[in-house]
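In: I'd like to go over a predicted model; first the sequence, then the structure.
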Amino acid sequence: MKIGIYGGAFDPFHNGHLSMIRGALASKKVDRVIVIPTGMPPFKPARKVTLSPYRYYMVKAALKDEPNCEVSDIEQVFGEPSYTVTTLKNLRKKKVVSEKDELFLMCGSDILFEFESWYKPKEILEQATLLCALRPGIDEGQARNEASHLEEVFDTKVKFFKIEGVEVASSKLRSDGKFDNVPEAVKTFIETHGLYCEDSPLVHVSDEMYKTLMKHCFTLFHEMSGKRLLHSINVCVLATRYAIRFGADPDKCALAALLHDCAKELPEDEQIALSAKIIHGYIPGKQILHSPAGAVYAKEHYGVEDQEVLDAIQFHTIGREVMTMTDKIVYLADKVEPARHYDDLTEIRRLAETDLDGALIECYCAIRESFGAKGQEIHEDTKKSLKYLLEHRK
Ligand SMILES: [Fe+2]
Ligand SMILES: [Fe+2]
């Protein structure tokens, strides 16, 4: 089979990307396209690029119903920069494609002019043939000249295909903030997760913590569903924003928030066993179990030593009488991150602009009300926490 390999940051994925995929398939130069969102792009400072799970799931959403096309997570690993040559080799090694498949590296004509300076270009061409898109308006003669040059230097063949003229640049979409030239699913994804906000809170965590967060992101990617991972990252970003706003420690809040649900998808017996290491004499209820289990799992599996971080994970479902700043922030961010829309969260979110305790009180009261409507009572620890807050509110 002839397979087009289409890699990129896709930050965000837009209609120009879509026209590349459709154009390649329509040209019949390839039978199938594998789209590969980059993990950590080697040539861009990592923090300027949207976290890779967001980009991966955004592309998945955009191409959900696209025929002859799949999205690969082969670059969603931590540690090494994702060079094209490594990815191409890994596709075969991990049997995403077979030895018999012929690979075509899809690119725009601009790539032809910089290809020689890429990492190990000769080895890339041993794995794949360049398949270059010709957009209306580009200087086709110049592109073909450059292709001939490459053919000579590397003893290869460069193939071409024509595409519709969709002129979009991700950087322009980001700076405009309008996102009108993206598939509908991408627009919804950006809105749901509050992407491309001006304040980019994660800029404020330390370099070391940023690296740690990245590393955990990739581990979580392979350990939990997309929905839960995106929720966890949303909580992480929002908790960091609150930390800066209310003078808490952004590193602690970001870490606790990212890992707060880390045990939630483990088998129940495993959660019970983990929880039993810190909760003695009883098994916490089903809704709460993953919080103590998560605190233990974060320590044992993710190497978290900071007790304040572990506590914030342990108390993120029901709170505790005296909450630290980190506890409060993680608790609140979990309840009101942008993808949450189970209730009207407007008032809690509004309070959280200026008044952390006020927002938390409002949140507890909303939960008490919704429990009350079902004839249930909130947890004893939540009651204690609410009482304490009302008495000591800042
Ligand atoms: Fe949770
Ligand atoms: Fe959560």
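Out: That came through, no problem. Ligands and ions are numbered 1, 2, ... in the order given.

In: show me the protein divided up by domain.
Out: 2-189, 201-392 (automatic domain parsing).

In: what residues sit buried inside the helix or strand of the chain with the lowest mean pLDDT?
Out: The least trusted helix or strand in the chain, going by mean pLDDT, DSSP states H and E, turns out to be helix 170-176, with a mean of 86. Neighbour counts over helix 170-176 (16 or more other C-beta atoms under 10 Å) mark S170, L173 as buried. C-beta here means a position set from N, CA and C on the backbone, and glycine is covered the same way.

In: neighbouring contacts of the helix or strand that it is followed by?
Out: For helix 170-176, the following helix or strand on the C-terminal side (DSSP states H and E) is helix 184-193. With contacts defined as C-beta atoms under 8 Å, 6 or more residues apart in numbering, helix 184-193 is touched by 12-14, 54, 57-58, 61-62, 64, 179, 182, 195-196, 230, 233-234, 338-339.

In: just checking: which of those also lie near ligand 2?
Out: Here nothing survives when the contacts of helix 184-193 are matched to ligand 2 using C-beta under 5 Å from the ion.

In: mind giving me the PyMOL command for buried ones among those?
Out: To isolate the buried members of those in PyMOL, using 16+ other C-beta under 10 Å:
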select buried, resi 12+13+14+54+57+58+61+62+179+182+195+196+230+233+234+338
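
In: list the ones among the contacts of helix 184-193 that fall in helices.
Out: Y54, Y57, M58, A61, A62, L230, I233, N234 (DSSP state H).

In: wait, is P292 part of a helix?
Out: Yes. Counting by DSSP: H, G, I helix; E, B strand; the rest coil, P292 is found in a helix.

In: which residue packs closest to it, ignoring adjacent ones?
Out: S275 (4.2 Å; C-beta to C-beta, 6 or more residues apart in numbering).

In: so who does that neighbour touch?
Out: Applying C-beta under 8 Å, 6+ apart, the residues near S275 are I283, P284, L289, P292, A293, V296.

In: cool, G137 as well?
Out: By C-beta under 8 Å, 6+ apart, G137 lies in contact with G165, E167.

In: ok, now how distant is it from A276?
Out: 66 Å (C-beta to C-beta, to the nearest Å).

In: S82 now?
Out: Distance from S82 to A276, by C-beta to C-beta: 40 Å.

In: which one's more surrounded, these two?
Out: Taking other C-beta atoms under 10 Å, S82 and A276 do not tie; S82 has more neighbours (21 against 16).

In: could you measure from that one over to H231?
Out: From S82 to H231 the distance is 25 Å (C-beta to C-beta).

In: which stretches of the protein have low pLDDT?
Out: Low-confidence segments of the chain (pLDDT under 70): 41-46, 394.

In: contact residues of it facing ligand 2?
Out: So the chain meets ligand 2 at D261, D334 (C-beta under 5 Å from the ion).

In: switch the cut-off to 8 Å
Out: Contacts of the chain with ligand 2, taken as C-beta under 8 Å from the ion, map to R228, H231, S232, V235, H260, D261, K264, H316, D334.

In: OK, contacts around the fourth one?
Out: Translated: V235. Contacts of V235 (C-beta under 8 Å, 6+ apart): A257, L258, H260, V330, A333, D334, E337.

In: same question, the second one
Out: Listed by C-beta under 8 Å, 6+ apart, the contact partners of H231 are D261, E337, A339.

In: ditto for I361
Out: Per C-beta under 8 Å, 6+ apart, neighbours of I361: L386, L389, L390, R393.

In: which among these count as buried?
Out: Using 16+ other C-beta under 10 Å, the buried members of those are L386, L389.

In: helix or strand for the residue in the chain sticking out farthest from the centre, which one?
Out: Distance to the chain centre peaks in the chain at E152, reaching 40.9 Å (criterion: C-alpha atoms, centre = their mean). Per DSSP H and E, E152 falls inside helix 140-154.

In: same for that helix, what does it pack against?
Out: helix 109-114, helix 121-127, strand 129-134, strand 158-162 (3 or more C-beta pairs under 8 Å, 6 or more residues apart in numbering; DSSP states H and E).

In: brilliant, that's me finished.
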